[in-house]
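# need a structure here:
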Amino acid sequence: MDYYQVEYTKYELAKLSFLECLDYLRLYEKGVDFFADSPLAFERALSKAFTITYARPFTHNDPVGGMGVGSISTGWIKKLPSKQRELHEELVGDGRNAMVAHLDIGKLLPLIFVKPGNRNDHIIDWRICSLNENSIDDLRALATAAHKYCFEHQGKIEPKIKDSIISYRQ
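Okay, the predicted model is just below:
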């Protein structure tokens, strides 16, 4: 297994994640009127999907062919405007790692009202970025910047790849 093929593949999959994020933003724009009867459920579902998909390339990957893959670089984030850097940290840190993909009681700070039966009332301190009309432009700018970085990084790797087809199928 060639290191550059693994690295190129990691960034190709990251690009797909960021394109999916942009799809969620377009879906929000198109579907917000369609889901007018349950706007909070629609917003929450897309916010969770966006958060998980955006954070996916920044989480550890299992080794491939004896090589550690890791996550994509975060060095490029330092070049972003401070608002986008904070948004990235919110999505990956508290968003994905503590509130969406995991249930971190210390971050969610649940207040649960125990009732007879299986219908307890609860309040959760849902402090992740919600995909809505106030955040959509910032989320789009962040996902676009991430996609652009991956594309540029692949451009540096591509001359070092020996084959035109990269495959991990056995």
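
# The residue nearest the centre of the chain: which element?
In the chain, the centroid-proximal residue (Cα atoms, centre = their mean) is Y54; its distance is 1.4 Å. Counting by DSSP states H and E, the element that carries Y54 is helix 39-55.

# Please name every helix or strand in contact with the helix or strand following that helix.
Counting by DSSP H and E, the next helix or strand C-terminal to helix 39-55 is helix 82-89. Secondary-structure packing of helix 82-89 (3 or more Cβ pairs under 8 Å, 6 or more residues apart in numbering; DSSP states H and E): helix 136-157. From N, CA and C alone the C-beta is placed, and that goes for glycine too.

# quick one, the helix it packs on and helix 39-55 angle?
Counting by axes from the mean of the first three to the mean of the last three Cα atoms, to 10 degrees, helix 136-157 lies at 20 degrees to helix 39-55.

# pLDDT averaged over helix 136-157, what's the number?
Per-residue pLDDT values across helix 136-157 average out to 95.

# for the worst-scoring helix or strand of the chain on mean pLDDT, which positions count as buried?
Across the helices and strands of the chain, mean pLDDT, DSSP states H and E gives its lowest value to helix 105-108, namely a mean of 71. Residues of helix 105-108 classed as buried by neighbour count (16 or more other Cβ atoms under 10 Å): 107-108.

# what does stretch 52-66 give?
52-58, 61.

# if you count residues, which helix in this protein comes out on top?
helix 3-31 (DSSP state H).

# So what's the gap between that helix and the chain middle?
9 Å (Cα atoms, centre = their mean, to the nearest Å).
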